Structures are given as C-alpha cells and as structure tokens.
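K.L.:
Provided below for reference: sequence and predicted model.
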Amino acid sequence: MKVNIHELAAKEFEEAIDWYENQSKGLGKRFKKSVIEQIRKIKKNPNWFLIEADNIHKAYIPKFPYKILFTIEEDKIDIYAIAHMHRKPWYWQSRLG
C-alpha cells in the first residue's frame, strides 16, 4: 500500500525533529525513528488504529505528545498531519480537500 504525506505534514515533521534536536542532542533522531516506525505499522495494518473522526484515523507516537492523522483508501494511505496533541486541535482539517 502506498503512503502519501501531505506537504504541510512533512514540514511539521521536520520542524518537530529540529525542535527536539535543539532541546537535547539525539532526541530529534529518536523522534524521527519513532514516527517512521509508526508509519511502517500504519502501512502494514492501517485499520488497527483508532478513528479520530469520520474516516480520519490516528496513531500515537510512543513517548512523544504527537499523533499521525491519516485516511485509508483501497490502495493508499494519506497522512494529513503529524500533530502535537497539546496545540490547537483540528488545525489540519483544511488539508483534507
């Protein structure tokens, strides 16, 4: 199954990696590894994850306050946000267009 990452989701992912790396050397790499591992799990079994709303699924990032928000279609997974869980909710909804 193909995984597409929205341009703004990729940008917020990179920004979060940089932020964590600036907080503590190596922490950004651990965050990146955790997100990539969770994306692998999504790709392997996308329906295993909880539903956030309507057809939007969510996958929490272990040990970090982030979640991946995505939709599932027959042949692809679209990731719309790698969202911090304590910031404004639903900011990414405009990406669903």
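P.N.:
Good, I have the coordinates. Just so we're clear, the structure is a prediction, and the values are computed from it rather than from any experiment.
K.L.:
When you work out contacts or count neighbours from here on, use the C-alpha atoms and nothing else.
P.N.:
Will do.
K.L.:
in this protein, what secondary structure element scores lowest on mean pLDDT?
P.N.:
Among the helices and strands of the chain, strand 50-53 carries the lowest confidence by mean pLDDT, DSSP states H and E, at a mean of 91.
K.L.:
so after that strand, what's the next helix or strand?
P.N.:
Note on strand 50-53: by DSSP states H and E, the next helix or strand toward the C-terminus is strand 56-60.
K.L.:
Mind listing the strands that next one pairs with, and their directions?
P.N.:
Under the criterion DSSP bridges, strand 56-60 sits next to strand 50-53 (antiparallel), strand 66-72 (antiparallel) in its sheet.
K.L.:
what's the longest strand in this structure?
P.N.:
strand 76-84 (DSSP state E).
K.L.:
Which positions in it come out as buried?
P.N.:
For strand 76-84, a neighbour-count test (16 or more other CA atoms under 10 Å) marks I77, D78, I79, Y80, A81, I82, A83, H84 as buried.
K.L.:
which secondary structure elements does it contact?
P.N.:
Helices and strands in packing contact with strand 76-84 are listed as strand 2-5, helix 7-23, strand 66-72; criterion 3 or more CA pairs under 8 Å, 6 or more residues apart in numbering; DSSP states H and E.
K.L.:
10 Å instead, please
P.N.:
Under the contact definition 3 or more CA pairs under 10 Å, 6 or more residues apart in numbering; DSSP states H and E, strand 76-84 sits against strand 2-5, helix 7-23, helix 27-44, strand 56-60, strand 66-72.
K.L.:
Export those to CSV and append columns for mean neighbour count.
P.N.:
Formatted as CSV, the helices and strands packed on strand 76-84 follow (neighbours: other CA atoms under 10 Å):
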stretch, mean neighbour count
strand 2-5, 14
helix 7-23, 15
helix 27-44, 17
strand 56-60, 21
strand 66-72, 21
